[in-house]
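J.: Sequence and predicted structure below; questions after.
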2 protein chains.
Amino acid sequence: MVTIADVAQAAGVSISTVSYVMSGKRTISQETKDRVERAVEELDYRPHASARSLASRSTNVIGLQAPLRSGVDVHVVMEIVAGIVREARAHQYDILLLTSDDAEGLRRATGASMVDALLLMDVESDDPRIKTLRKLSAPSVLVGLPQGADGLTCVDFDFEAAGRAAAERLIALGHRRVALIGSPREVLERHTSYAERLSRGFLAACAEHDIPATVHPCPTTHESVAVVDAVLAAHPEVTGVFIHNEGALAHVAARIAALGGRDAIALCPEDIARTVPTLTDSIDLPAEELGSAATRAIIALLAGEPTPKVRLLPPVLASGRPATTA
Amino acid sequence: MVTIADVAQAAGVSISTVSYVMSGKRTISQETKDRVERAVEELDYRPHASARSLASRSTNVIGLQAPLRSGVDVHVVMEIVAGIVREARAHQYDILLLTSDDAEGLRRATGASMVDALLLMDVESDDPRIKTLRKLSAPSVLVGLPQGADGLTCVDFDFEAAGRAAAERLIALGHRRVALIGSPREVLERHTSYAERLSRGFLAACAEHDIPATVHPCPTTHESVAVVDAVLAAHPEVTGVFIHNEGALAHVAARIAALGGRDAIALCPEDIARTVPTLTDSIDLPAEELGSAATRAIIALLAGEPTPKVRLLPPVLASGRPATTA
DNA sequence: GTGAAAGCGCTAACAG
DNA sequence: CTGTTAGCGCTTTCAC
């Protein structure tokens, strides 16, 4: 193994000079800098991460708790994680994947100084991890906006604004009765923050326009077709539908298109929307961007920069096929 | 921060004794052991991971390159990763998530001694990472069975046997013309090892029974319905269908059921199969188990235990609804 | 059965 | 602008 001492010797300088060349923490003459860099290059020197973090008291590692099996929204979770990893690497950080849903894992990672900070996904209102986080010395960021997380830094997509945007768009298209086909019942019953915020925004906007609206849980499977049928049977005057359910999207959209005369808008990542040509519009769920935004927030915290407690990414509406004239 | 010295002082012993109590690497009298353990408990002592790995020259971290955005098979990828993380933790290992598809990332992680070993998913035949792996000192395991990985340790599901099993089951059900509706064209064109092995097994078994069979790529979207229609239009005598395509499964199975008089078997994780009630049978793709098997393999390598170069998990057929009498 | 002490490879004072 | 050196917290020889 090549150590800093080898590099120092090869370059004919002291080890501290090598260290300072690599960190840039003090001014070095161009000449020695060149010599050191050549030695580093030739020896393919890679600083020993543990030695570095032992001495510097920081690991350049961020711990991540991601829901690896929620069943729901796998695609979105993966994109968020991809965004996190990409952004972290862009700032010289690595990601340590912690087992999900485990407050002890957070204590372990920070207690053993394995990570400088924590990133948490899929945190619920009464989640014991929230209390644990507050006690830890390491900074943390939640991807999401759970109740009871006051004071903790949260980054999320603005689901409430997305709900409003979808409602307003459907209303602008001329629909006078609309419905939201949403997450599976389990998700709603867990009081998942995003699902509640989405329907709150949707219903509020509809109420402001005096447009009757309903919200329907929906399984992620093929059974979702039956949900569509049931909703339209109960409320035949529904002509505008807003879909937020990754697994059911294709089925639901196909069914609505088959029945004709209606508009369907979905909230989902753009690449998913493109595979569903019958959508009138879609609101992009910028999952990867959400991951990078959360990572930027945690890096800002680590850098001691002032960081807003809550950051919500605004929704953007994208057009699909021409609208049905309602 | 609580250090080993604090524990030693509290227990009235030397730091080496504390170290040996924790590692169990030498015999300690029950009495001092108790005293040390009480001190550890009371102080909530957590050994500093970097200090430990600097001194011990091992990190207890496994680097993982997982495809975070393949688009295809997200569900399976997540389950594999979940299995990896769970098994790793069960053996006191953590997982460092490396950015995918990046040979330099492998060099960086091992060169900086951030990881003891590497786990790679989604490796292709001509993948530059294979060459890189060979040069590294750290042991590695591939989840998959790419060509050109001779000598490297590989763990995968036995797709070829699964293809055979599906064919034989359809034939046993009485079908005399069968088809495999498989991965999207992109996947097949990348010469993804698992897709090729699956169809090889499927076609071989059919040939042995003199049953004509065909293999059809299929998009993961709703367009898959059109593929079904095209296949059955071209070969109306096809009554047995084997599906291996996570995204398309629900659509394809629904279409086949709607057309009637046919049997459909799928290769997918069991929990997915359960959401598709019209399947006659399914072959479980034990994704989580695959992750843990790969992890056990790498841990065995790290322990210096003899480990087979290739380990293939055998397929298991599970019955769904009663078969169509063909 | 237990302790003392020499590193592990690096960072960051401190000293020129 | 550069070098010397004291740790960082732990593991592991030696030594008793």
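T.: Received, thanks. Residues are numbered from 1 along each chain as shown, chains lettered A, B, ... in the order given.
J.: measure A:A112 to A:A55 for me?
T.: 17 Å (C-beta to C-beta, to the nearest Å). (C-beta placed from N, C-alpha, C; glycine too.)
J.: What of A:R274?
T.: Counting by C-beta to C-beta, the gap from A:R274 to A:A55 is 49 Å.
J.: quick one, what contacts A:V123?
T.: Applying C-beta atoms under 8 Å, 6 or more residues apart in numbering or on different chains, we find A:V123 in contact with A:129-130, A:142, A:144, A:146, A:149.
J.: which residues of the stretch 51-200 of chain A fall in strands?
T.: For the stretch 51-200 of chain A, applying DSSP state E, counting those that start in this stretch gives strands covering A:61-65, A:94-98, A:117-121, A:140-143, A:153-157, A:178-181.
J.: Can you give me the distance of A:L301 to DNA strand C?
T.: 18 Å (C-beta to the nearest atom of the strand, to the nearest Å).
J.: Could you verify my assumption that that residue touches A:V141?
T.: Yes - contact criterion C-beta atoms under 8 Å: A:L301 and A:V141 qualify, at 6.9 Å.
J.: Compare the two (neighbour count), which wins?
T.: More neighbours surround A:V141 than the other of A:L301 and A:V141, with 26 against 18 (other C-beta atoms under 10 Å in any protein chain shown).
J.: Spell out which parts of the stretch 1-150 of chain A neighbour chain B.
T.: Residues of the stretch 1-150 of chain A found near chain B (C-beta under 8 Å from any C-beta of the partner chain) are A:1, A:44, A:46-51, A:53-54, A:59, A:61, A:64, A:68-69, A:71, A:74-75, A:77-79, A:81-82, A:85-86, A:89, A:94-99, A:108, A:111-114.
J.: Which of A:A112 and A:A55 has more residues huddled nearby?
T.: Ranked by neighbour count (other C-beta under 10 Å), A:A112 and A:A55 place A:A112 first, with 17 against 12.
J.: Torsion angles phi and psi at the more buried one?
T.: With angles defined as degrees, to the nearest 10, A:A112 sits at phi -90, psi 10.
J.: what sits against it?
T.: Shown in contact with A:A112 (C-beta under 8 Å, 6+ apart): B:46-49.
J.: Tell me the pLDDT of it.
T.: Predicted confidence (pLDDT) for A:A112: 98.
J.: before we move on, back to that, could the strands of the stretch 51-200 of chain A go into JSON lines alongside mean pLDDT and distance to B:E223?
T.: Formatted as JSON lines, the strands of the stretch 51-200 of chain A follow (pLDDT from 0 to 100; distance: least, C-beta to C-beta, whole Å):
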{"stretch": "strand A:61-65", "mean pLDDT": "98", "distance to B:E223": "35"}
{"stretch": "strand A:94-98", "mean pLDDT": "98", "distance to B:E223": "34"}
{"stretch": "strand A:117-121", "mean pLDDT": "97", "distance to B:E223": "31"}
{"stretch": "strand A:140-143", "mean pLDDT": "98", "distance to B:E223": "32"}
{"stretch": "strand A:153-157", "mean pLDDT": "98", "distance to B:E223": "28"}
{"stretch": "strand A:178-181", "mean pLDDT": "98", "distance to B:E223": "22"}
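J.: Tell me how many other residues crowd the closest residue to DNA strand D within the stretch 201-326 of chain A.
T.: Among the residues of the stretch 201-326 of chain A, A:L302 lies closest to DNA strand D, at 18.8 Å counting by C-beta to the nearest atom of the strand. A:L302 has 18 neighbours, counted by other C-beta under 10 Å.
J.: Quick check: it touching A:V115?
T.: No - taking contacts as C-beta under 8 Å, A:L302 lies outside contact range of A:V115: 10.6 Å.
J.: Need the overlap of contacts for those two.
T.: Counting by C-beta under 8 Å, 6+ apart, A:L302 and A:V115 have no common neighbour.
J.: My reading is that A:D6 is in a helix; is that accurate?
T.: Yes - assessed with DSSP: H, G, I helix; E, B strand; the rest coil, A:D6 lies in a helix.
J.: looking at it, it is touching A:L43, isn't it?
T.: Yes - at 6.0 Å, A:D6 counts as touching A:L43 under the criterion of C-beta under 8 Å.
J.: one step back: wait, which of the strands of the stretch 51-200 of chain A is closest to A:E223?
T.: Nearest of the strands of the stretch 51-200 of chain A to A:E223, taken as C-beta to C-beta: strand A:178-181 at 12.2 Å.
J.: residues making contact with that closest one?
T.: A:163, A:166-167, A:170-171, A:198-199, A:202-203, A:206, A:211-216, A:218, A:224, A:227-228, A:231, A:235, A:238-245, A:248, A:252.
J.: Over to stretch A:36-46?
T.: Contacts of stretch A:36-46 (C-beta under 8 Å, 6+ apart): A:2-4, A:6-7, A:10-11, A:13, A:17-18, A:21-22, A:28, B:108, B:111-113.
J.: Also stretch A:223-235?
T.: A:177, A:179, A:181, A:214, A:216, A:218-219, A:238, A:241, A:245, A:247-248, A:251-252, A:255-256, A:259.
J.: can I see the domain layout of chain A?
T.: Listed by automatic domain parsing, the domain ranges of chain A are A:4-56, A:61-158+A:288-313, A:159-285.
J.: Would you reformat the ones you listed as TSV and include distance to B:P269?
T.: Formatted as TSV, the domains of chain A follow (distance: least, C-beta to C-beta, whole Å):
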stretch	distance to B:P269
domain A:4-56	36
domain A:61-158+A:288-313	10
domain A:159-285	14
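J.: out of those, which comes closest to B:T153?
T.: Nearest of the domains of chain A (C-beta to C-beta): domain A:61-158+A:288-313, 21.4 Å.
J.: from the chain's centre, how far out does that closest one sit?
T.: With C-alpha atoms, centre = their mean, to the nearest Å as the basis, domain A:61-158+A:288-313 stands 9 Å off its chain's centre.
J.: returning to what we had before: so which of the contacts of stretch A:223-235 are in strands?
T.: Counting by DSSP state E, the contacts of stretch A:223-235 place A:179, A:181, A:214, A:216, A:241 in strands.
J.: residues touching the third one, list them.
T.: Contact criterion C-beta under 8 Å, 6+ apart gives A:179-180, A:231, A:235, A:238 as the residues in contact with A:T214.
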